[in-house]
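>>> One predicted model, sequence on top.
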Amino acid sequence: MEDPGTFGVWLGRQLRRQGMSQAELAQRLDVTRAAVSAWVTGRAEPRLEKIRLIEEILGLTTGSVMTLDDVPDSAGNVVWYHRPAHRDGGRELGNPAAFAFESDLRVLAREATQNSLDERRDIDGPVRIRYTLHEVSGERLYRFLKALRWDDLEPHYEAAADRNTKVGRVLTNGLREMRETSSLLLLRVDDYNANGLTGPEYDDGRFAAVVRRQLDSHKSRSAGGSFGLGKAVLWGTSQLGLVLINSTLSEPYEGRTARRVIGRLDLPWRQVNGEDYAGPSWLGEPDAEMGGTACSWWADPDTVDALQLKRDSDAPGTSFLIVAAHDGTGEATTLEEMHDALVRSLGENFWASMVAKSGSRPMLEASVVALRDGHTVKAAERVDPDEYEPARVRALRAFLEGTTVEELTSDEDVVRTTVRLGLPPLKDTVVIDAESPNEHEAVLLLTPTNDDDPAPNKIVCMRGSRMVVMKRSVSDVPMGARRFQAVLLAGLATGSDTPDAFAAEEFLRAAEPPEHNEWKKTDDLTAMYARGAAARIQEFRVAMLAEARRLLRVQERKSEDGPPALRDLLSLDPPPAPRRPGFPTVGDVEGSIRTDGAWQVRVEIRLPEREDPWVMAPVLRFVTRSGPKPVAEWSELVPESHCEVIDGTLLRFAPRVRAAVFTGVSDVTSHPVAAHMAMAEVDLVRPKEAGA
Amino acid sequence: MKTLIPYPTLDGEIVLEVKEARLDGKPLSLTLISSMEQVVALHQVERNDWERARIVLRMRTPQELMSDEWVDVACAAVLTEKKTNVRLVTPLKRQSDNSWIGVAELHRDWHVGQAEVEGIVTATVADVQGRVIARTRRRWTVDLHLRTPTRKRTIRTVWKDFSSEENVYLHPYKGDPWAIEAADDEPVVYLNSGFEGLQFLLDSASRSDRAVQNAVAGQIAGDCWAALFNTAVYSIDVEDGEPQWPVGWKESVLRRMLPDVYPDRSPDDALVELCERRRQGESGGELQTRVLHAATKQARMSRSLSVFIRTLRTVEEEK
């Protein structure tokens, strides 16, 4: 035994699992209760003979204490614990945090990925996140429900679904769908190279923040909303309010790291078998010291497999299994649609986290896979940022690689400039520290985008995590300016580690609502910062648009245009084509080359209505690059409608007609070149006046 | 006018873009390249002595070009300038993304004003090599004199004191309110800043001056269009008995005014008629009547004058 503390934690857990009190162990070992207490709390450790006895009493193999092995996992240890109703009779009819969010898949992808980014362990490598949609039915579903102890849950669902609340309706739908289709859609969110759910069962730490608490945003300094309110979206995405968790810890708890498992169910107030229950239920080992509540357990590989929680590698991180996942918007209903919705959301919100300068690795790698009963429906698709945001990715990459320019000269250039953000003092600082920064320079990147970009001229804003916080349209773009895309990097996203970057990161996070999708006046902002904070945010919003416009401004035109009243009258622009020309024009022309090499054409003519019949000469010309176009003679000219041929070369159109048609065949001997070697056109000209 | 092409061509559209431009190796600001107007403005006051401009072009072609139907496919950008008859063909190279890129080079000495750039696609069709199977619908304009990339062209107007020492050439007209110089390369309307009240009137932003201002502006514009038309008429060349459109501002002036001079003739026929009148050397009385009519329309004189008269009457009545 290296560490008495470790032994104590281990012993406490073994007693808990066997439902044995410290007093009972003391009696059977023939020691005082105080001695056992001292062992459990790590103040002392037993002698070797007592250790042998402990192993015997606990039914462990010899040497278990040395290796800190657990009592073999038996299914009998794991139970559902449902929290009894409040004694005051208060009834909660839903999780308030879950109502604060729109629980659709796109929001889920945003919130869950953001949490994983904030929990990245090794900052030299990416956090890998995978979304797995798995539709299970038949034997697989049966095994899953058995491992889940569905029989214990069902009466609670029946009771909770039977009411006219929003939660009740969602539950009813979830149960009905499961029964009608005999299948269940599981959505698993895995992250690797993340911290995992470390920390004690009930006290402050990542585990308790996620599993035990509502509305707790266990925020570490640089992270934004890590396991904050957004975690409610996990439960909101489950039609059954049920999420199972398996975590590999980055720092041991109770001396262990692998397969820390717990399930949590969010149900409203309900009555089952005459007992009142309120709020959440937990799946885990009963904790005798905490009145039988269920706590996390170290599951064996088989249990993890049956619960569909098996992780792909030993890398630390957490797997959340959302049972009966659905898209709250109702837009994505099939497995394939849900897959695409997740990929799109990841691409749009996290493209920037997936970009790195060449030769180094990004902060995030994300993929989405869809399975049906273990068979791949949509193979793991690694989200490729270039596919979703080509222009902005180019901008960010140029920034990371230091290849930005000061003035755009190529359509692939990225211009870099700064936008000032004023930093107000914090409210609780009694003496304003002269050293504390009052200004931060955010980075604005702008690059031309393709003419076919469906949503050009926008600024995307982000801070440290590089998640897209908001997208803003730049209006009043100067006339004739290129279409562009822009990225605003603020706080730690600027890559700076100066105090102003940290201060800006904090300030902007305070300006974000729980959804992290805007910088505006929030309750946090007014609570934490001195007066004027909201104005600083507003100035920042205006300044970024102004800076983008400045970059796009076309050089001022030198005023040599003279008086405005005169300018409009002196335009040299070509006149618009008249809608009703005052002269006959050629309409549709069809033509082909006959076997003898002559052009055979059919020509439609449009005419202005006139009493006096129009007389025009049809002309077939061979097209040249410049200079006069050679004319070919007609060997045949045949009127088809509303015209007659005069002298074999002229057409006289009937009075008052508006359309006429003729056909013609060219005289091969008059061709300047073989017909198939040149383009040709048909025109109408006024006949040369007699004697001219 | 519809063109008959005796062989198959591409159905889809091809698009030419200017990626970047450099003057003697120094990149030009993208604000001088308008992809909307398809104009590159090369004139820069601070860099007026450049010799070579390099323009990087990219062409996008439709997917159908990849089919086996087309053999020996090649793409090129063709730069032409009417005034100098320069024609430069720049082959474009196919890129991995199936776009085509090449660099067109302009030597300042070879050009005088505006060059046009067109993209073409050629292929071997029915055993004939290098046939054009597609061309860009819109052309790019590369302008050596423009400071802003815009297609809008107006006749240059400048204020000068006609009697000042430095404007000796305007002394003969020093009593006139304006003078029109229909020079060969660029016509100029000179406004006499020494003519009392003229500048005040034309630059005034006051609503009460609007009617008089427009009437005077109409007078100036009318004079200008008539003078320019008459200059343009004498620049029409006749080749093989066929009159040819002049280039530059003269073509613009004729194209704008001929539909009003000869409303029942097509522009080409109107040009023929104009040449005929010039050749016959008649007194030109009827032609001048038509030219003044067209100039009046260009200057929108009827409207401004009737507003002016109405305003005058109202003022009289109020008195």
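Cool, the structure landed. Residues are numbered from 1 along each chain as shown, chains lettered A, B, ... in the order given.
>>> what's the nearest residue to residue 292 if we skip its chain neighbours?
All of this is about chain A. Closest residue to A:Gly292 apart from its sequence neighbours, by Cβ to Cβ, 6 or more residues apart in numbering or on different chains: A:Pro286 at 4.9 Å. For every residue, glycine as well, the C-beta is placed using N, CA and C.
>>> should've been chain B
B:Ala226 (6.0 Å).
>>> tell me the secondary structure for that neighbour?
helix (DSSP: H, G, I helix; E, B strand; the rest coil).
>>> Nearest to chain B: which residue in chain A?
Going by Cβ to the nearest Cβ, chain B is nearest to A:Gly562 of chain A, at 2.7 Å.
>>> In contact with that residue: list those residues for me.
In this structure, A:Gly562 makes contact with A:Leu570, B:Arg156, B:Thr157, B:Val158, B:Trp159, B:Val189, B:Leu191, B:Leu202, judged by Cβ atoms under 8 Å, 6 or more residues apart in numbering or on different chains.
>>> Of those, select the buried ones using a ChimeraX command.
Entered in ChimeraX, the line below selects the buried ones among those, by 16 or more other Cβ atoms under 10 Å in any protein chain shown:
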select /A:570 /B:156,157,159,189,191,202
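>>> From the contacts of A:Gly562, pick the one nearest A:Lys50.
B:Arg156 (107.4 Å; Cβ to Cβ).
>>> pretty sure A:Ala548 belongs to a strand, no?
No - read with three-state DSSP, A:Ala548 is helix and lies in no strand.
>>> Could you report the neighbour count for A:Gly279?
20 (other Cβ atoms under 10 Å in any protein chain shown).
>>> I meant A:Glu633, not that one.
By other Cβ under 10 Å, 14 other residues sit near A:Glu633.
>>> May I have the predicted confidence score for it?
For A:Glu633, the pLDDT comes out at 93.
>>> That one contacts A:Val668, correct?
No - A:Glu633 lies out of contact with A:Val668 (Cβ atoms under 8 Å); the separation is 9.6 Å.
>>> Next, give phi and psi for the residue nearest to A:Gly292.
phi -70, psi 140 (degrees, to the nearest 10).
>>> If I look at the residue in the stretch 151-300 of chain B that chain A sits nearest to, what pLDDT would I see?
Nearest to chain A, among the residues of the stretch 151-300 of chain B, is B:Thr157, at 2.7 Å (Cβ to the nearest Cβ). B:Thr157 carries a pLDDT value of 91.
>>> got it, and A:Val377?
A:Val377 carries a pLDDT score of 88 in this model.
>>> list the contacts for it?
Counted by Cβ under 8 Å, 6+ apart, A:Val377 has contacts A:Leu335, A:Glu336, A:His339, A:Ala370, A:Leu371.
>>> Output the contacts of A:Gly562 in CSV, with secondary structure and distance to A:Met290 appended to each entry.
Shown next, in CSV, are these (DSSP: H, G, I helix; E, B strand; the rest coil; distance: Cβ to Cβ, whole Å):
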residue, secondary structure, distance to A:Met290
A:Leu570, helix, 90
B:Arg156, strand, 90
B:Thr157, strand, 90
B:Val158, strand, 92
B:Trp159, strand, 92
B:Val189, strand, 95
B:Leu191, strand, 95
B:Leu202, helix, 91
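>>> Just put the contacts of A:Gly562 in CSV and tack on distance to A:Leu525.
Converted to CSV, those look like this (distance: Cβ to Cβ, whole Å):
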residue, distance to A:Leu525
A:Leu570, 56
B:Arg156, 56
B:Thr157, 55
B:Val158, 57
B:Trp159, 56
B:Val189, 60
B:Leu191, 59
B:Leu202, 55
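>>> Please give the number of neighbouring residues around the closest residue to chain A within the stretch 1-150 of chain B.
Residue nearest to chain A within the stretch 1-150 of chain B: B:Pro27 (3.2 Å; Cβ to the nearest Cβ). When neighbours are defined as other Cβ under 10 Å, B:Pro27 has 17 of them.
>>> who does it bridge with?
For B:Pro27, the beta-bridge assignment (DSSP bridges) gives partners B:Arg22.
>>> Any regions of the stretch 501-650 of chain A where pLDDT drops low?
A:554-561 (pLDDT under 70).
>>> Please enumerate the helices of it.
For the stretch 501-650 of chain A, helices defined by DSSP state H, counting those that start in this stretch occupy the ranges A:523-528, A:533-552, A:564-567.
>>> Go through these and name the closest to B:Glu13.
So among those, helix A:533-552 is nearest, using Cβ to Cβ, at 27.3 Å.
>>> Would you confirm that A:Asp413 contacts A:Pro448?
Yes - judged on Cβ under 8 Å, A:Asp413 makes contact with A:Pro448 at a distance of 7.5 Å.
>>> Please enumerate the shared neighbours of the two.
With Cβ under 8 Å, 6+ apart, A:Asp413 and A:Pro448 have common neighbours B:Leu30.
>>> Report the contact partners of residue 315.
Let's take chain A. A:Arg128, A:Tyr192, A:Asn193, A:Thr248.
>>> Could you tell me whether it really is in a strand?
No - read with three-state DSSP, A:Ala315 is coil and lies in no strand.
>>> From A:Val127, how far out is it?
Here the criterion is Cβ to Cβ, to the nearest Å. By it, A:Ala315 lies 10 Å from A:Val127.
>>> Mutual contacts of the two, please.
What both A:Ala315 and A:Val127 touch, as defined by Cβ under 8 Å, 6+ apart, is the set A:Tyr192, A:Asn193.
>>> thinking again about what came up before, residues touching the residue nearest to A:Gly292, list them.
A:Gly19, A:Asn77, A:Val79, A:Tyr81, A:Gly292, A:Thr293, A:Ala294, A:Cys295.
>>> quick check, nearest of these to A:Asp647?
Nearest to A:Asp647 among the contacts of A:Pro286, with distances taken as Cβ to Cβ, is A:Ala294, at 107.5 Å.
>>> burial measure for that closest one, as a count.
Neighbour count of A:Ala294, defined by other Cβ under 10 Å: 22.
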